[in-house]
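Asker: pasting the sequence and the predicted coordinates here, then a few questions.
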There are 2 protein chains.
Amino acid sequence: MKRDISIVEVAKKAGVSIATVSRVFNNSGPVKESTRKKIEQIIEDTGYYPNMLARELADKKTSLIGMIVHDMTGEGMPRTINGVNDILESSDYNLLIACTNGNLENEKRQFEIFKSKRVEGVIFATARFTKEHAEVIQKYSIPVVSLLQDTEMFKIPFVAFNNYDLGKEATKKLIEMGHTKIGFIGGPLQSANAEERYKGYADSLQEAGIQLDNDLVINGNFHIEDGYNKMKSLMERSKNITAVITVNDGVGIGAINCILDMGYKVPEEISVLALDETVLAKASRLKLSGIHYSYTELGKAGAQMILRMIENNRLEFEKYVVPYEINMRESTSDRN
Amino acid sequence: MKRDISIVEVAKKAGVSIATVSRVFNNSGPVKESTRKKIEQIIEDTGYYPNMLARELADKKTSLIGMIVHDMTGEGMPRTINGVNDILESSDYNLLIACTNGNLENEKRQFEIFKSKRVEGVIFATARFTKEHAEVIQKYSIPVVSLLQDTEMFKIPFVAFNNYDLGKEATKKLIEMGHTKIGFIGGPLQSANAEERYKGYADSLQEAGIQLDNDLVINGNFHIEDGYNKMKSLMERSKNITAVITVNDGVGIGAINCILDMGYKVPEEISVLALDETVLAKASRLKLSGIHYSYTELGKAGAQMILRMIENNRLEFEKYVVPYEINMRESTSDRN
DNA sequence: GTGAAAGCGCTAACAA
DNA sequence: TTGTTAGCGCTTTCAC
């Protein structure tokens, strides 16, 4: 095992003091050209590189950003991380990642570990953000940005999508296309984001003067099979449904599969519009219409925000809402 | 901004030396019950937690594993990382991740940054693994595990799938089902893994006494559209094709879409078998038959290997091949 | 049981 | 230009 060489040994070999070596390495302060050359040569020969721990300890600066993620499966998170990385790459910060599987205790523990590792900021990308999260965070003063959750009530800066608008716009769009019997396959009831999407749906109907029909609303989970099963129930309950909005694209695909299996046509008889569509939307044979969010943008914005907070040493609340995009493809039809 | 409190201040408040505080915190060495109680109380009150940088500097141990990833989009990598995390979670190592977008310079730089951050091991999950990678790695003596690439020739330990077997088994399976005109839509020519899959295909045909027909082989990329376009060319070139193997599931889905669009039936007229299928396989309406690898297992095995290397302080070459699983679903039919 | 003190490897203020 | 030295916050001998 080749031993790591320290600044002392470099200095010794060069016959100078460690201060001079440090100056050469960091270009901090004047050094005579000849000694600089000599030291550079020795650094080259020995393969010396500084021990960051020592440097960071002396500097009180780690250039480390911690990121707490609840789960990596699914389309969104990897892209988010990619976005974060894109930004960090051109800074010289490094990303420390912890995956917590949505366990609150885990999340608290990781945050404290990060804190003791002297990370300079933490990005939270958790499935839920509770008062307990806020309490732990506020115990330490360190820049924190939450992703995907509206944490305004805790005064924690965040970057997120506007789930309410998402539900509202999608519904409005279908209404404009002449639909009135619009089903809604929502997400799990505990999900704040899924709830917002539902609210948008309900409000949009109301604004258009359409009576909200509980038979047209059903809640499930986020997977393809959920979409299939829930669509089946929906169709059994209301025969005259002409469109359905699904909480995400997996559910949308499940719904399409179900409709086709039951012998109806998409989009001629029933339109399917997915919220929060990702690459899955293009994998299905019938290209799904959907509202699209860029998770990459989410990650980028989050990284930029935390970097800004670190640089300016500010902990004030701020927020950024990532815009969306409506992509009408093959699973929706205009009835007008 | 609440200031971090150090061990000195705790010691001062408790009227003891820092050594004693250290003993209490780490349970290293005897402390009188009463002083222990007092110190614990003060730790509690002040919210003291140790500065890991200082501890690590003194210990020469960071409990950090670096991971260099070329790209997070795509199904595999996130799952791999999840697997790594699963294992690290129950150790007390933390994961430092860098995303390099497949840029070699970037990868080298990151490795050196990791090294100077004193990570205890590095997991490489790059698209390609070149001699240059090996050289940089060998310059430093630190445990390294490569993922997805057979790095035996460089004596770098690795965990990977057996791409050759993959191609071979898939082909064999189709031959057993009575197919002889079997197409192959391969991956990019520069990809060593894609090449291995092709070799398996070719060898399998040969073993069955079937003449390799170059008209049945075509190379493309890994995406859905590639599958669509290449399948089209393939069908134009050979009218009597009855089955096709695709380098991955995205390409498989593209191929199915193309076949259906051209008015043929899947699997009655043409079977599609995907190598390296992931969740996409279930998203398509016609469930794709495929050979499946667990990326989670890949990540787990990689993490276990690096942990083992670190604990035992060994750098010897070793390898692990993750087993696969054949899932015959709806896109293949038996002609016998 | 407890404390003093010597590192760990580096930066930066101060002297020379 | 260069060297000396005092930290940074912690662990760990070695005495007492």
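Answerer: All right, it came through fine. Keep in mind the model is a prediction, meaning the values are calculated, not measured.
Asker: neighbours of A:Asn248, just the number please.
Answerer: 27 (other C-beta atoms under 10 Å in any protein chain shown). Placement of C-beta: from N, CA and C, glycine included.
Asker: one more: A:Phe184?
Answerer: Applying other C-beta under 10 Å, I find that A:Phe184 has 26 neighbouring residues.
Asker: any residues touching the strand or helix carrying it, and which ones?
Answerer: Under the criterion of DSSP states H and E, A:Phe184 resides in strand A:182-186. Strand A:182-186 has contacts (C-beta atoms under 8 Å, 6 or more residues apart in numbering or on different chains) with A:171, A:174-175, A:194-195, A:197-198, A:201, A:205, A:210, A:216-220, A:226-227, A:230-231, A:234, A:238, A:241-247, A:251, A:255.
Asker: mind running it again at 6 Å?
Answerer: The contact list for strand A:182-186 (C-beta atoms under 6 Å, 6 or more residues apart in numbering or on different chains) reads A:174, A:194, A:198, A:201, A:216-219, A:230, A:234, A:241, A:243-247, A:251.
Asker: max-length helix in chain A?
Answerer: helix A:295-312 (DSSP state H).
Asker: wondering if it reaches chain B at all.
Answerer: No. Judged by C-beta under 6 Å from any C-beta of the partner chain, helix A:295-312 makes no contact with chain B; its nearest approach is 8.8 Å.
Asker: spell out which parts of chain A neighbour DNA strand C.
Answerer: Residues of chain A lying near DNA strand C by C-beta under 7 Å from any atom of the strand: A:4, A:6-8, A:18-19, A:22, A:25-26, A:28, A:50-51, A:54-55, A:57-59.
Asker: pull out the buried members of the residues you listed.
Answerer: For these, a burial check counting by 16 or more other C-beta atoms under 10 Å in any protein chain shown picks out A:Asp4, A:Ile7, A:Ser22, A:Phe25, A:Pro50, A:Asn51, A:Ala54, A:Arg55, A:Leu57.
Asker: so which of these comes closest to chain B?
Answerer: Distance to chain B, by C-beta to the nearest C-beta, is smallest for A:Leu57 among those, at 4.6 Å.
Asker: do I have it right that the closest one meets B:Arg55?
Answerer: No. Taking contacts as C-beta atoms under 6 Å, A:Leu57 lies outside contact range of B:Arg55: 9.8 Å.
Asker: about what we covered before: please identify the buried residues of the longest helix of chain A?
Answerer: Neighbour count says helix A:295-312 has A:295-307, A:309-310 buried, by 16+ other C-beta under 10 Å.
Asker: farthest-separated two in the residues you listed?
Answerer: A:Tyr295 and A:Ile310 (22.6 Å; C-beta to C-beta).
Asker: shaky segments in the stretch 151-300 of chain A?
Answerer: Nowhere does the stretch 151-300 of chain A drop to pLDDT under 70.
Asker: close to chain B: what parts of the stretch 1-150 of chain A are there?
Answerer: So the stretch 1-150 of chain A meets chain B at A:1-2, A:49, A:52-54, A:56-57, A:72, A:78, A:81-82, A:85, A:94-97, A:99, A:116-118, A:141 (C-beta under 6 Å from any C-beta).
Asker: I'd like the distance between the residue of chain A found nearest DNA strand C and A:Met52.
Answerer: Using C-beta to the nearest atom of the strand, the closest approach of chain A to DNA strand C is made by A:Ile7 at 2.7 Å. In this structure, A:Ile7 and A:Met52 are 12 Å apart, going by C-beta to C-beta, to the nearest Å.
Asker: likewise for A:Leu88?
Answerer: 16 Å.
Asker: buried residues in the helix or strand A:Glu44 falls within?
Answerer: Assigned by DSSP H and E, A:Glu44 belongs to helix A:33-46. Neighbour counts over helix A:33-46 (16+ other C-beta under 10 Å) mark A:Thr35, A:Lys38, A:Ile39, A:Ile42, A:Ile43 as buried.
Asker: what about the helix or strand just after that helix and DNA strand D, any contact?
Answerer: For helix A:33-46, the following helix or strand on the C-terminal side (DSSP H and E) is helix A:52-59. Yes. Helix A:52-59 is in contact with DNA strand D by C-beta under 7 Å from any atom of the strand, via A:Ala54, A:Leu57, A:Ala58.
Asker: put together JSON lines for these, with pLDDT on each row.
Answerer: JSON lines is the format used below for the residues of helix A:52-59 next to DNA strand D (pLDDT from 0 to 100):
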{"residue": "A:Ala54", "pLDDT": "95"}
{"residue": "A:Leu57", "pLDDT": "94"}
{"residue": "A:Ala58", "pLDDT": "93"}
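Asker: tell me which of those is nearest to A:Tyr164?
Answerer: A:Leu57 (46.5 Å).
Asker: and the closest one, what does it touch?
Answerer: B:Leu53, B:Ala54, B:Leu57.
Asker: how many residues are close by A:Asp213?
Answerer: Around A:Asp213 there are 16 residues (other C-beta under 10 Å).
Asker: leaving out sequence neighbours, find the closest residue to it.
Answerer: A:Ser238 (7.3 Å; C-beta to C-beta, 6 or more residues apart in numbering or on different chains).
Asker: need phi/psi at the one you found.
Answerer: Main-chain torsions, A:Ser238, degrees, to the nearest 10: phi -130, psi 110.
Asker: I figured the residue of chain A closest to DNA strand C hits A:Val21, correct?
Answerer: Yes. Using C-beta under 6 Å, A:Ile7 is in contact with A:Val21, at 5.3 Å.
Asker: find the nearest non-adjacent residue to the one residue sitting closest to the centre of chain A, please.
Answerer: Nearest to the geometric centre of chain A sits A:Thr80, at 4.3 Å (C-alpha atoms, centre = their mean). Distances taken as C-beta to C-beta, 6+ apart put A:Gly299 closest to A:Thr80, at 3.9 Å, once the chain neighbours are dropped.
Asker: okay, now A:Ala72: neighbour count?
Answerer: Quick fix: residue A:72 reads Met, not Ala. Neighbours of A:Met72 (other C-beta under 10 Å): 26.
Asker: which element is it on?
Answerer: Using DSSP H and E, A:Met72 falls within no helix or strand.
Asker: what's near enough to touch it?
Answerer: When the contact criterion is C-beta under 6 Å, 6+ apart, the partners of A:Met72 are A:Cys99, B:Pro78, B:Ile81, B:Asn82.
Asker: can you give me the neighbour number for the third one?
Answerer: Put plainly, it is B:Ile81. Residues lying near B:Ile81 (other C-beta under 10 Å) number 28.
Asker: do the one 3 residues further on as well
Answerer: Burial measure for B:Val84: 30 neighbouring residues, criterion other C-beta under 10 Å.
Asker: same check, this time on A:Asp92
Answerer: Neighbour count of A:Asp92, defined by other C-beta under 10 Å: 8.
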